[in-house]
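Student: give me coordinates for this.
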Amino acid sequence: RVEDLRPTPGWAPEFLRPSAAPLKERVPIMVDWGENEIAGSVVTFGVPFARGALKNAVNARIVNEKGEETPAGFSVTATWDGTNGPVRWAMAHALLRRGGRYFLEYGSDVKAASPAGIKIAESDKSIEISTGPLRAVLSREHASIVEAAALDQDGDGRFSAREELVGAERSRADLPVLVDGAGVSYRAGGAGQGFKMELVERGPQRAAVRREGWYLDKGGNKFCQFITYTYFYAGQAGLRHDHTLVVAFDSSKHKIRDIMLPLPLNLGKGARAVFAGD
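Tutor: Residues are numbered from 1 along each chain as shown. As a prediction, this is how the structure comes out:
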């Protein structure tokens, strides 16, 4: 019902006033990095727009203080005056660097550059995603974070055997594990054990894979459910993995001691891991 989408006197003043679509408008983006060693990260955030301020998300982009465009993706999550109306809320994601100054730029004179793109190949057993510098394989049969992965370290556009970061054999043997308070281990179950995988987002700038399944004991009994989203970004060598645990046991009788999400990397002695303090 279109009338239900229109502002009422209870709305904030900035949404009540008439707003014409600007030619070009800039809004600073503020990022709280926290106390850690992270030099940069993909940041996701929502942006509200007054009625009529932005007709289409293609007229929005993210730039640095020099006006140089930063690769970003936008998806419209709500519109004014029905499904074909102007943008009301947009979800944005972009790789930002610590210390940099960034701005959201939007308006009828703003046009985002074409993204580098993501290549996706699906089969009955796996989903292969290539972002450019990264190629990852996600299994439909095993609940590993990634089945296999390679990084184009020399930048020649190909993935050789020596550039493999994760091998399928090790990842299948080292699956996510949950340990309860009594020390009993539960492994993430795969095909035939309630495991499901779906490519839920296939955009030019970002792809997302959703998986769900169960942590099972040796007898195949269900203990906890897991739901994960793994995100890949065009032109980026990194990925984002969100893991949600759904408690399905009697919490008055059981506790969780540990959750292990292994990523068996083929790296040399010079490798190190950095974890955010917060």
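Student: now do the helices in the stretch 51-200 of the chain.
Tutor: With helices called from DSSP state H, counting those that start in this stretch, the stretch 51-200 of the chain shows them at 168-173.
Student: quick one: low-confidence ranges for it?
Tutor: Within the stretch 51-200 of the chain, the stretches with pLDDT under 70 are 115-116.
Student: residues in contact with the most centrally placed residue in the chain?
Tutor: By CA atoms, centre = their mean, the chain has its centre lying nearest to residue 231, at 3.3 Å. Residues in contact with residue 231 (CB atoms under 8 Å, 6 or more residues apart in numbering) are 42, 201, 206, 207, 208, 239, 240, 241, 242. The way it works is simple: take the backbone N, C-alpha and C, and place the C-beta from them, glycine included.
Student: now do the fourth one against residue 200, distance only.
Tutor: It stands for residue 207. According to CB to CB, to the nearest Å, residue 207 stands 9 Å off from residue 200.
Student: cool, and the fifth one?
Tutor: Taking CB to CB as the criterion, residue 208 is separated from residue 200 by 5 Å.
Student: common neighbours of those two, please.
Tutor: Applying CB under 8 Å, 6+ apart, one finds that residue 208 and residue 200 are jointly contacted by residue 229.
Student: more crowded one of these two?
Tutor: Between residue 208 and residue 200, residue 208 has the larger neighbour count (other CB atoms under 10 Å), namely 17 against 11.
Student: didn't the more buried one look like it was pressed against residue 201?
Tutor: Yes. Counting by CB atoms under 8 Å, residue 201 is a contact partner of residue 208 at 3.7 Å.
Student: re earlier: please, which helix or strand holds the residue nearest to the centre of the chain?
Tutor: Assigning secondary structure by DSSP states H and E places residue 231 in strand 222-233.
Student: what about that strand, distance to the chain center?
Tutor: Taking CA atoms, centre = their mean, to the nearest Å, the mean C-alpha location of strand 222-233 is offset from the chain mean by 12 Å.
Student: show me what counts as buried in it.
Tutor: Neighbour counts using 16 or more other CB atoms under 10 Å place 222, 223, 224, 226, 228, 230, 231, 232, 233 of strand 222-233 among the buried residues.
Student: adding pLDDT, write those residues out as CSV.
Tutor: Formatted as CSV, these follow (pLDDT from 0 to 100):
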residue, pLDDT
222, 94
223, 94
224, 94
226, 97
228, 97
230, 96
231, 94
232, 93
233, 89
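Student: from these, pick the one nearest residue 258.
Tutor: Nearest to residue 258, judged by CB to CB, of these is residue 224 at 12.2 Å.
Student: what segments of the stretch 51-200 of the chain are strands?
Tutor: With DSSP state E, counting those that start in this stretch as the criterion, the stretch 51-200 of the chain has strands at 60-64, 69-70, 72-79, 87-97, 102-106, 119-122, 126-130, 134-139, 148-151, 164-166, 177-180, 185-188, 196-202.
Student: next, the angle from the longest one to strand 102-106.
Tutor: This points to strand 87-97. Strand 87-97 and strand 102-106 are oriented at 150 degrees to each other (axes from the mean of the first three to the mean of the last three CA atoms, to 10 degrees).
Student: and strand 87-97, what does it pack onto?
Tutor: Strand 87-97 makes packing contacts with strand 40-48, strand 60-64, strand 69-70, strand 72-79, strand 102-106 when contacts are defined by 3 or more CB pairs under 8 Å, 6 or more residues apart in numbering; DSSP states H and E.
Student: adding mean neighbour count, write those out as a markdown table.
Tutor: Shown next, in a markdown table, are those (neighbours: other CB atoms under 10 Å):
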| stretch | mean neighbour count |
| --- | --- |
| strand 40-48 | 15 |
| strand 60-64 | 20 |
| strand 69-70 | 16 |
| strand 72-79 | 18 |
| strand 102-106 | 21 |
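Student: mind listing what residue 266 touches?
Tutor: Applying CB under 8 Å, 6+ apart, we find residue 266 in contact with 164, 165, 166, 167.
Student: ends of stretch 225-242, how far apart?
Tutor: 14 Å (CA to CA, to the nearest Å).
Student: on that earlier part again, buried members of the contacts of residue 231 into ChimeraX, please.
Tutor: The ChimeraX command for the buried members of the contacts of residue 231 (criterion: 16+ other CB under 10 Å) is given here:
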select :42,206,207,208,239,240
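Student: ok, the contacts of residue 231 vs residue 269, which is closest?
Tutor: Using CB to CB, residue 239 comes nearest to residue 269 of the contacts of residue 231, at 24.1 Å.
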